[in-house]
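*Asks:* here is a sequence together with a model predicted from it:
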Amino acid sequence: MSGGLVALLDDVAALAKLAAASIDDVGAAAGKAGVKAIGVVVDDTAVTPRYVTGLAPERELPIIARIARGSLRNKLVFILPAALLLSEFLPGAITPLLMLGGAYLCYEGAEKVYEALTGHGDAAQAQDAGPPSRAQEEQLVAGAIRTDFILSAEIMAISLAEVAAQTFVLRAVSLVLVALMITLLVYGVVALLVKMDDLGLRLSRGHSGALRTLGRGLVRGMPAVLAALSVIGTAAMLWVGGHILLDGLAHFGLEAPEHALHEVAVAAGQALPFAADVVAWVVETLGSALTGLLVGGVIVAALHLRPRRH
């Protein structure tokens with residue numbers, strides 16, 4: 001009897017170790033996938049605050065919460081099942097779809113550069129607009145969720161590519177974790193950013209001199225932070241999109257562009273041996289971003305030059 005109990009306890013311990021190892025595998029896979037998608041995450045974080053620009057302060061968090069729920073629904077209900085079925089039955093389609101998403105990121109980044117240079121775009125139009133009505137809020141939320149769908153699909157596709165060699169269950173659990181973590185990260189940061197000026201305003205009315213100074217600094221600094229985040233988001237789109245396209249071309253046998261960029265990055269790193277890894281990464285990132293800008297610029301030019309229907 002005691003021997004049977006000991007054997008049972010051994011089995012339980014073995015199962016516990018196996019479960020712990022599986023959890024570690026899932027966590028590692030999810031973490032690796034999430035890191036690869038960080039460029040799109042930065043862009044998602046940079047894009048979302050503009051949807052609450054001009055809203056009454058009490059409407060900002062409810063609108064962000066609705067967009068976050070829509071984002072999670074996009075990832076878990078629509079994108080995740082399609083991604084898992086694709087990886088299981090048509091894995092060869094993952095790279096072309098990833099490249100298609102990369103081209104879209106290049107287009108979005110180049111379009112933002114074009115708008116910044118020409119003075120067009122949402123920011124300029126929003127300055128003359130008053131607070132939106134509830135009907136306009138509904139349209140705003142729907143538009144934000146549609147935009148999120150593209151970015152979420154790209155995040156999940158990048159993540160899927162990182163865990164494609166894992167078992168079906170591990171892929172599924174990893175992607176669910178990525179969806180939850182990234183949605184929480186993006187919209188948590190967005191909520192913090194859009195309410196930071198309100199926090200600064202409250203602190204600026206406090207009795208402590210230090211708190212008042214901090215509050216005024218937040219109020220004055222947040223527009224610059226949001227502007228910087230927008231620039232970082234655009235750069236991240238071009239970098240990630242360009243990198244995806246170069247990697248995809250290499251996957252299909254056209255390795256010369258990626259190899260040439262890598263050689264230039266290595267040479268730059270060797271020229272500054274005290275920071276070789278950092279320099280090589282910067283050069284390779286800039287090369288990917290320039291590739292993204294070139295591809296995106298061609299798409300933007302083609303779309304703007306096409307004949308318009310009257």
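*Replies:* Here it is on my side, so go on.
*Asks:* please point out which parts of stretch 80-97 sit buried.
*Replies:* For stretch 80-97, the buried set under the neighbour-count rule, 16 or more other Cβ atoms under 10 Å, comprises 80, 83-84, 86-87, 94-95, 97. No exception for glycine: its C-beta is placed from N, CA and C like everyone else's.
*Asks:* average pLDDT across it?
*Replies:* Regarding stretch 80-97, the rounded mean pLDDT is 87.
*Asks:* what's the end-to-end length of it?
*Replies:* For stretch 80-97, the separation between the terminal residues is 14 Å (Cα to Cα, to the nearest Å).
*Asks:* can you tell me what sits against it?
*Replies:* Contacting residues not belonging to stretch 80-97 are listed as 156-157, 160-161, 164, 168, 171-172, 175-176, 179, 248, 251-252 [Cβ atoms under 8 Å, 6 or more residues apart in numbering].
*Asks:* hang on, the earlier thing: sort out for me which of the buried residues of stretch 80-97 are in strands.
*Replies:* Among those, DSSP state E puts none in strands.
*Asks:* about what we covered before: sitting in strands, which of the contacts of stretch 80-97 do you find?
*Replies:* Checking the contacts of stretch 80-97 against strands, none of them qualifies (DSSP E).
*Asks:* quick one: which two of these are the most distant?
*Replies:* V176 and F252 (30.2 Å; Cβ to Cβ).
*Asks:* the two - which one has more neighbours?
*Replies:* In this comparison of V176 against F252, neighbours counted by other Cβ atoms under 10 Å, the higher total goes to V176 at 15 against 10.
*Asks:* quick one: contacts for the more buried one?
*Replies:* 76, 80.
*Asks:* what does R205 give?
*Replies:* 212, 215.
*Asks:* from L199, how far out is it?
*Replies:* In this structure, R205 lies at 11 Å from L199, with Cβ to Cβ, to the nearest Å as the measure.
*Asks:* overlap of the contact sets of those two?
*Replies:* G215.
*Asks:* buried subset of the contacts of stretch 80-97?
*Replies:* Applying 16+ other Cβ under 10 Å to the contacts of stretch 80-97 flags 156-157, 160-161, 171-172, 175, 179, 248, 251 as buried.
*Asks:* tell me the one of these nearest L117?
*Replies:* Out of the buried ones among the contacts of stretch 80-97, the member with the shortest distance to L117 (by Cβ to Cβ) is G248, at 28.2 Å.
*Asks:* isn't the closest one right up against G101?
*Replies:* No: with contacts defined as Cβ atoms under 8 Å, G248 does not count as touching G101, sitting 10.1 Å away.
*Asks:* so where's the stretch 51-200 of the chain shaky on pLDDT?
*Replies:* Residues of the stretch 51-200 of the chain that meet the criterion pLDDT under 70 lie in 51-54, 120-132.
*Asks:* recalculate using a threshold of 90.
*Replies:* In the predicted model of the stretch 51-200 of the chain, residues 51-63, 83-95, 97-98, 100-102, 104-105, 108-109, 112, 115-200 satisfy pLDDT under 90.
*Asks:* how about the helices in it?
*Replies:* 57-73, 80-89, 94-118, 122-126, 134-162, 168-204 (DSSP state H, counting those that start in this stretch).
*Asks:* out of these, which comes closest to A260?
*Replies:* Comparing the helices of the stretch 51-200 of the chain under Cβ to Cβ, the one sitting nearest is helix 94-118, at 18.5 Å.
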